[in-house]
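Asks: I need the structure of the sequence given here:
(chains A and B)
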Amino acid sequence: MSISEYFNLLWTDYTLRTITLGTAVLGAICGMLGSFAVLRKQSLLGDAISHAALPGIAIAFLITGSKDTYILLLGALICGLIGTFWIRGITTKTHLKSDTALGLVLSLFFGFGMLLLTYIQKQPNANQAGLDKYLFGQAATLVESDVFIMIGVTGVCLIILLLFWKEFKIMLFDMDYTKTLGFNVRFIDSLITFFIVLAIVLGLQTVGVVLMSAMLLAPAAAARQWTNSLGTMVILAAIIGALAGIFGTAISATQNNLSTGPVIVLVAAVFVLFSFIFSPGRGILFREIRFRQNRNDLQLKKTLQFMYDIAKTHQNISHPHAIRILNNFQGFSKNSLRKMEEKEWITLKGQEWSLTNIGFEEAKNLYNQQLKDE
Amino acid sequence: MSNPQLEIQLIAAIVAVACAIPGVFLVLRKMALISDAISHSILPGIVIGFFITQDLNSPLLILFAALTGVITVILVEVIQKTGLVKEDTAIGLVFPTMFSIGVILIAKNANDIHLDVDAVLLGELAFAPFDRMLISGMDMGPKSLWVMGGVLLVSITLLILFFKELKVSTFDVGLSSALGFSPVVLHYGLMSVSSITIVGAFDAVGAILVVALMIAPAATAYLLTNDLKRMLVLSVVFGVFSAIAGYWLAHLLDASISGSMTTVLGIVFLLVYLLAPKKGLISVLYRQKQQRTEVSLITFLLHLNNHSEKSERHINHLQEHINWQKVRSKSVVDLALKNNMITIDNNIVSLTKKGKEFTGKALDYILTNRDDKIENIKDDFFLFRG
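Replies: Prediction:
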């Protein structure tokens, strides 16, 4: 199946449509909430929570004995929240740092989850098969009702975001100011954390425990490169997340033996890489170009300054001088002299240069500005 | 206890010790999550190494995968240096990407390799004794015992050789470079040792539980001591204890050994987190409550000191004036009474001589803000703490 065939089938095939819609919605909600996680420097919270949710799934199964997705995910949600609050407890009440707390909760909960999962597997009469799909996720198991749930959660999340927009925004950038304004910081904080955990838990079924953190981070990190405005960033991240979901599903559906989760993550990583390099404001490429331009500009001005020093000792500033005398001064080349001529700072005649009036004025101002700065 | 059982416990204990040693430094250097990143991103290294060597326990494969780990660390640092994203985001971006590459490599070559993502992620200690090391037909014990033993030996040797360099560069980067120990070299040295340990251990306990074995013993020990040597010893003890207790728990439940090792580690950490004498949750909460009452007491005494008129010193008035809840003001007044700071006469509170002296000192401290004024104040005045 080729990519174009896939997009034709998308409108007719139930499974493909459901999965694509599901991953797109998941990408969008993760992108939206991930923006907050990234800006709050809680990027790895997603990683920790997705791992910490595992025992919740196992315990939910042990208690209810049902394999109903929602019951299992409810267990995951509760366990994820416990993990989040324990992380906060460890960092605020002891001297252990947040990285240690995250790593502890991540690995200890996951290990406990593994213990429970293997325990369940050894139970004689349990219909336990399929619990381990949450490790890597299987987008193929998505059904229409799952997608509706995702859309519903995304809708609620959007409403909450719009309602508390200014609170979220102010808390992101200035926690202390928020407190002095009398907002209930703890409540707002818990609200946003709750939704981040909810998004992670929703994603477990599709991309799995291990790769969930990238789902949360990558769209936000990519979007961050293109804008400095929170609103734009959230919208952009949602779009990038959705696109990563769609393309990831498309690629994995058209190839044999490719599970959806890793492909989505790789597509998202490509988006991030592209943004890192090509974003006009912060990207590496344009930054390098600007850096070069500035350096060249500085060199030109240095040369001009040097010429000015020579020219000002003469009555006629346009008195020609040999290019040779610039020799003991680094930073001029045929190219740079030509550029200076283009700017009409100097005129070149054979092996000699002479300063123009424009160039003289420019150099004089340059000098004055330097004096002013001192 | 049969021979394989003994061997499994021995391997588990060695893995735990080998992980605990670099783990201590990772926790102290606030780089605990690097172990998580490395443990995930060695997957493509293992897969590619497996293509070349066709043997999961080959030393070449371990080196290859460890190299991937170091590359991950460098990649994270490069991304971080561009200033485009913060460090934690850089970690969070790099390792899932590497892991995805690994998963896809496995999936695309599923027919050629006996490598299962589950196995890499979770490991299975129970099978370790079956993979024997044979030297010219002689059975020399399980292979992973030799591999992890070697790794442990190397890291202990390096630890002893470079102990003071590691110590200085962990706690004071500036001093360390001024003394001529390059923090960069030590950093990458530590990263390499961690990578090799993680790669060596993933086979036995899996990629994620390696993280638990690295971080949890060190964090538990850190709650109990501030001394580096003691912390190392304690974390080794916790590691070994959880390895052996974990094995028997798994035996009892017939469940994954690595999972139950982690669970034991978790229980140990939880107990220490709650009960540690100075830094445990309970003692922190108790101390905070004590300090809150004592600060309230000082406020209360200063208020009394400020007002000579009786109406201001009426016990009911104080409650509304300082605006404390009833319970709290009662505990503060009780404390003050117990320490002979105040007398209550006809519901009028007045300072005793001792109370006046105390308030004077406290005022001195507030005005001059010099610590020596207040250093001994609690010992001098308080018979009973809040």
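
Asks: State the number of residues packed around the nearest residue to A:Arg338 once chain neighbours are set aside.
Replies: Leaving aside its sequence neighbours, A:Arg338 sits nearest to A:Leu348 (Cβ to Cβ, 6 or more residues apart in numbering or on different chains; 7.7 Å). (Each C-beta comes from the backbone N, C-alpha and C, glycine too.) Applying other Cβ atoms under 10 Å in any protein chain shown, we find 15 residues neighbouring A:Leu348.

Asks: now do A:Pro280
Replies: Residues near A:Pro280, counting by other Cβ under 10 Å: 10.

Asks: Next, give phi and psi for it.
Replies: phi -70, psi -40 (degrees, to the nearest 10).

Asks: who's in contact with it?
Replies: By Cβ atoms under 8 Å, 6 or more residues apart in numbering or on different chains, the contact list for A:Pro280 reads A:Phe286.

Asks: My impression was that A:Ser354 belongs to a helix - is that right?
Replies: No: with DSSP: H, G, I helix; E, B strand; the rest coil as the criterion, A:Ser354 is assigned strand and is not in a helix.

Asks: Which residue ranges make up the domains of the chain?
Replies: Picked chain A for this. A:3-282, A:287-373 (automatic domain parsing).

Asks: I was after chain B.
Replies: Using automatic domain parsing, chain B is parsed into the domains B:3-277, B:282-381.

Asks: Excluding chain neighbours, what is closest to A:Thr227?
Replies: Nearest-residue entry for A:Thr227: A:Met233, 5.2 Å, with adjacent residues in sequence omitted and distances by Cβ to Cβ, 6+ apart.

Asks: going on from whatever helix or strand that neighbour lives in, what's the next piece of helix or strand?
Replies: According to DSSP states H and E, A:Met233 maps onto helix A:230-254. Remark: after helix A:230-254, the chain's next helix or strand is helix A:260-278, criterion DSSP H and E.

Asks: Find the nearest non-adjacent residue to residue 139, please.
Replies: You didn't say which chain, so I picked chain A. Here the residue nearest A:Ala139, using Cβ to Cβ, 6+ apart, is A:Thr260, at 3.8 Å.

Asks: oops, chain B please
Replies: With Cβ to Cβ, 6+ apart, the residue lying closest to B:Asp139 is B:Arg132, at 5.5 Å.

Asks: number of nearby residues for that neighbour?
Replies: 12.

Asks: dump the residue contacts of it.
Replies: B:Asp139, B:Met140, B:Gly141, B:Pro142, B:Lys143.

Asks: Wondering if the host helix or strand of B:Leu186 reaches chain A at all.
Replies: Counting by DSSP H and E, the element that carries B:Leu186 is helix B:183-205. No: remark: helix B:183-205 sits outside contact range of chain A, by Cβ under 8 Å from any Cβ of the partner chain, the gap being at least 9.1 Å.

Asks: what separates stretch A:111-123 from the chain centre, distance-wise?
Replies: Distance of stretch A:111-123 from the chain centroid (Cα atoms, centre = their mean, to the nearest Å) equals 35 Å.

Asks: Now look at it and say if it contacts chain B.
Replies: Yes: Stretch A:111-123 is in contact with chain B by Cβ under 8 Å from any Cβ, via A:Gly111, A:Phe112, A:Gly113, A:Met114, A:Leu115, A:Leu116, A:Leu117, A:Thr118, A:Tyr119, A:Lys122.
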